[in-house]
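*Asks:* Got a predicted structure plus its sequence, pasted below:
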Amino acid sequence: MTVVSSEDYFRKNSNVVFSENGEPELKEEWDYEKEVYEGFMDEDELALKQSTLLSVTPSQFVEFAVKVPDKKSQKFLPFSFEGRKYLRLPYDTPSKRTLYKCGRQVEKSTLLGNKTLSYCCIINAFNVLYVSPTNQQTKTFSQDRLKEPIETSDVLKAWTTSKLSDNVFQKKFINRSQVTLRYAYHNADRTRGIPADMVLLDELQDIITENIPVIEQCASHSPFKIFIYSGTPKSFDNSIEYYWTKYSTQNEWVVPCDHHGVPSDPSTWYWNILGEQNIGKKGLICAKCGEIIHPMREESRWAMMNASVKEKLTEPYEGFRIPQLMVPWLKWSEILDSYTTYSRPKFFNEVLGEAYDSGTRPLTRQDVIDNCDPDLLMTPEGMQALKSKMSGGMDIFAGIDWGTGENTFSVISLGTYVNGRFTIFYVHRFEGQEMEPPVQLELIGELIRRWDVKLIGVDYGGGFDRNDALARMFSKNRIVKYQYSNPGQKVKWEEKLHRFLVHRTEVMTDIFTAIKRRDFFRFPRWEQFEDPFGKDLLNIFSEYNERLRQIQYSKTPDATDDAFHSILLCTLASMLKYPRPEILSPTAKTSGLHSFLGFRVQSRCLCSGR
């Protein structure tokens, strides 16, 4: 007989789940009405329709099926690519991975919605998973880009019914295709276990990098495995710019100027890649001669700027940059107003669809070096010398950040107080054969027993099975689970969930501040700590998220930051025995740390082993 906790049973079998704030809520996928299977087509009808539609491209289907509001006539007219010929290839590209790097208001969301509808209608039993960073963004996409086009088109109405498509987070079609809509900011738990043939990651720049591989796994069993990534770039460290630079074809819409070369020979013309240099007082101009050019000129086309990527990758990302400079519905005066009034980073991001180096790193190399003790060695001899100096009453704490091995690694940190400073005296990254869970657990168990660790702060999101195994090895009282979320306080004990909810941004900020103070932490000698652990601390950068109105910390996808989170977890675990309110400072938003510091009484029992 398999024994499961009441929490696991509740999560798996109930239509009620706990939100990130610990409040009960209905599952997003819960349909408020019973399934109406009689609305689906039978197999013969499905086969007949599919044989007819398989030769249709997405752009052709959109022209046939989708209607858009016309402000002048106050009517809904068929979608047209007239004046939008640059969109034909982004709609119809056969690439399995597509990346749209866009300015604002260039019909990016319309493109994603129309592609979703066309695939679901053209291919029977096709599953689409749409993911954005926030609940509100996902609801807006569901309403504006799926529900409204269906309601305003007789063609699309014929592919579904109100009972099949009324759910905000799930749209079903009579050919058994469906769209599932989720959001993933702090973690990707809401997307786990959802089968998908096509995964759409919208506003990629605001999705935390570590969540992307988890979301992509939803298509692992699909024969299609189509991935679409879209967003507006921020800094050069951002994930969308990383994928664009390293993995994409970097397609640019090039506009010719025939004032150069031979008028009858396009190969001699000057071809403009649209950017700041093409902004003239009266319109789009040639960067070379300043003459007016026309983005929808017949010869304008997509050009691949990174053709060599096809030699490096079997499935490169087909990348398209779509700036506002090429769209027909924006008046040139609006472009000039934005150029004058926007900050330079905002103009590059939102008008040109280009990255701008606005991201900042919370720590400098010198910040980390100044916290390193040249006498604190992680060699066997140094560790033995430290152990011999430690008195029996010293409490040692551990922090474990679980990784997958795909640019994330499991890291354990050990820390204790020495002369009033929290000293991280040992850090270990599990690589190679050590990435196997049984090997990891054995090594971690040896460390915990050897150093008689009192409390182990563990990453809840990445190690369900390993956390349970540790609890069986050392009793659940010594294992303290932390989950990044957005609680009302910086660190909040949630009794129903049996774990702490941690405000990711604010707690990370406090740890960065403590490192910059240079009087709270001690790290091992820099030469031993630098690679990879010191680099993990320096790989993190910050950007301002205007939607959430807060700083957001991230890292480039090929970098790691596991050691930082391991140290953070170790520090939080130590604060259960030794609260440091001057380090984890209260803010107006969090109104204090009462639920965290109030756990101190219980933590004393934990530390004493009772």
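*Replies:* Nice, thanks for sending it over. As the structure is a computational prediction, the values presented were derived from the model and not from experiment.
*Asks:* gap between Arg192 and Thr341?
*Replies:* Computed as CB to CB, to the nearest Å, the Arg192 to Thr341 distance reads 43 Å. Quick note: C-beta positions are derived from backbone N, CA and C, even for glycine.
*Asks:* Of the two, which one has the most company?
*Replies:* More neighbours surround Arg192 than the other of Arg192 and Thr341, with 13 against 9 (other CB atoms under 10 Å).
*Asks:* Let me know the pLDDT of the residue nearest to that one when sequence neighbours are not counted.
*Replies:* Leaving aside its chain neighbours, Arg192 sits nearest to Val214 (6.9 Å; criterion: CB to CB, 6 or more residues apart in numbering). We have a pLDDT of 91 for Val214.
*Asks:* my guess is Val214 is in a helix, correct?
*Replies:* Yes: per DSSP: H, G, I helix; E, B strand; the rest coil, Val214 lies within a helix segment.
*Asks:* dump the residue contacts of it.
*Replies:* 188, 191-192 (CB atoms under 8 Å, 6 or more residues apart in numbering).
*Asks:* middle-most residue in this protein, spatially?
*Replies:* The centre of the chain sits closest to Ile207, judged by CA atoms, centre = their mean, with a distance of 2.3 Å.
*Asks:* OK, contacts around the residue nearest to that one when sequence neighbours are not counted?
*Replies:* Distances taken as CB to CB, 6+ apart place Pro133 nearest to Ile207, at 5.4 Å, with adjacent residues excluded. Contacts here follow CB under 8 Å, 6+ apart; on that basis Pro133 touches 183-185, 203, 206-207, 547.
*Asks:* Same check on Leu537?
*Replies:* 363, 368, 515, 561, 563-564, 567.
*Asks:* Am I right that Thr360 is in contact with Ser542?
*Replies:* Yes: counting by CB atoms under 8 Å, Thr360 touches Ser542, with 5.5 Å between them.
*Asks:* Between those two, tell me which one has more neighbours.
*Replies:* Neighbour comparison, Thr360 and Ser542: the larger count goes to Ser542, with 20 against 12 (by other CB under 10 Å).
*Asks:* quick check, the more buried one in a strand?
*Replies:* Yes: Ser542 sits within a strand when classified using three-state DSSP.
*Asks:* Against Phe76, how distant is Glu151?
*Replies:* Look at Glu151 and Phe76: by CB to CB, they are 10 Å apart.
*Asks:* In terms of neighbours, single out the busier of those two.
*Replies:* The residue with more neighbours, out of Glu151 and Phe76 and counting by other CB under 10 Å, is Phe76; that gives 16 against 13.
*Asks:* per-domain residue ranges of the protein.
*Replies:* 43-67+83-250+305-350, 365-607 (automatic domain parsing).
*Asks:* Lowest average pLDDT across those?
*Replies:* domain 365-607 (a mean of 86).
*Asks:* distance between that one and the chain's centre?
*Replies:* 22 Å (CA atoms, centre = their mean, to the nearest Å).
*Asks:* cool, and stretch 106-116?
*Replies:* Distance, stretch centre to chain centre, for stretch 106-116: 20 Å (CA atoms, centre = their mean).
*Asks:* Flag every buried residue along that stretch.
*Replies:* Buried positions in stretch 106-116, judged by neighbour count with 16 or more other CB atoms under 10 Å: 106-116.
*Asks:* Please tabulate those residues in TSV and include distance to Val427 and secondary structure as additional columns.
*Replies:* Output for those, formatted as TSV (distance: CB to CB, whole Å; DSSP: H, G, I helix; E, B strand; the rest coil):
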residue	distance to Val427	secondary structure
Val106	45	coil
Glu107	48	coil
Lys108	42	helix
Ser109	43	helix
Thr110	48	helix
Leu111	45	helix
Leu112	42	helix
Gly113	46	helix
Asn114	49	helix
Lys115	45	helix
Thr116	45	helix
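*Asks:* re earlier: the contacts of Pro133 in helices, which ones?
*Replies:* In helices, judged by DSSP state H, none of these are found.
*Asks:* Including distance to Arg297, could the buried residues of stretch 106-116 go into CSV?
*Replies:* What follows is these, written out as CSV (distance: CB to CB, whole Å):
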residue, distance to Arg297
Val106, 19
Glu107, 20
Lys108, 23
Ser109, 27
Thr110, 24
Leu111, 22
Leu112, 27
Gly113, 29
Asn114, 25
Lys115, 26
Thr116, 31
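*Asks:* Out of the residues you listed, flag the one nearest to Met326.
*Replies:* Distance to Met326 across the buried residues of stretch 106-116 (CB to CB) is lowest for Val106, with 8.1 Å.
*Asks:* Help me confirm that that closest one comes into contact with Glu350.
*Replies:* No: the criterion here is CB under 8 Å, and Val106 misses it with Glu350 at 9.9 Å.
*Asks:* got any residues that touch both of these two?
*Replies:* Common neighbours of Val106 and Glu350 (CB under 8 Å, 6+ apart) are Gln324.
*Asks:* Now do the strands in the stretch 501-610 of the chain.
*Replies:* In the stretch 501-610 of the chain, the strands defined using DSSP state E, counting those that start in this stretch lie at 521-522, 540-545, 550-555.
*Asks:* partners of the last one, with directions?
*Replies:* Each strand that strand 550-555 pairs with, and the sense of that pairing, follows from DSSP bridges: strand 540-545 (antiparallel).
*Asks:* Give me the contact list for the strand it pairs with.
*Replies:* Here strand 540-545 has contacts from 206, 234-235, 237-238, 358-363, 508, 550-556, 561, 564, using CB under 8 Å, 6+ apart.
*Asks:* can you rerun that using 7 Å?
*Replies:* Identification of contacts with strand 540-545 by CB atoms under 7 Å, 6 or more residues apart in numbering yields 206, 234-235, 237-238, 359-362, 551-555, 561, 564.
*Asks:* got the phi/psi numbers for Cys257?
*Replies:* Phi and psi for Cys257, reported as degrees, to the nearest 10, are phi -130, psi 110.
*Asks:* That one is in contact with Pro266, isn't it?
*Replies:* No: contact criterion CB atoms under 7 Å: Cys257 and Pro266 do not qualify, at 10.8 Å.
*Asks:* If you count neighbours, what's buried in stretch 501-517?
*Replies:* The neighbour-count check on stretch 501-517 (16+ other CB under 10 Å) flags 501-512, 514-516 as buried.
*Asks:* for the residues you listed, which one is nearest Pro581?
*Replies:* For Pro581, the nearest member of these is Asp510. The distance, counting by CB to CB, is 10.4 Å.
*Asks:* Distance of the closest one relative to Cys120?
*Replies:* Distance from Asp510 to Cys120, counting by CB to CB: 46 Å.
*Asks:* go on, Pro233?
*Replies:* Distance from Pro233 to Cys120, by CB to CB: 29 Å.
*Asks:* what does Thr560 give?
*Replies:* Thr560 is 38 Å from Cys120, by CB to CB.
*Asks:* Between these two, which is the more surrounded one?
*Replies:* Per other CB under 10 Å, whichever of Thr560 and Cys120 has more neighbours is Cys120, with 27 against 21.
*Asks:* Which of the three states applies to the more buried one?
*Replies:* Cys120 ends up helix, using three-state DSSP.
*Asks:* who touches it in this structure?
*Replies:* Neighbouring residues of Cys120 by CB under 7 Å, 6+ apart: 126, 128, 173, 177, 179.
*Asks:* Which pair in those residues has the greatest spatial separation?
*Replies:* Farthest pair in those, by CB to CB: Val128 and Phe173, 10.3 Å.
*Asks:* Could you check how far Gly537 is from Tyr229?
*Replies:* Rather than Gly, residue 537 is Leu. Per CB to CB, Leu537 is found 28 Å from Tyr229.
*Asks:* And Lys555, by the same measure?
*Replies:* Lys555 sits 17 Å away from Tyr229, going by CB to CB.
*Asks:* what does Val309 give?
*Replies:* Distance from Val309 to Tyr229, counting by CB to CB: 15 Å.
*Asks:* Show me which of these two is the more surrounded one.
*Replies:* Neighbours were counted for Val309 and for Tyr229 using other CB under 10 Å; Tyr229 has more, 27 against 18.
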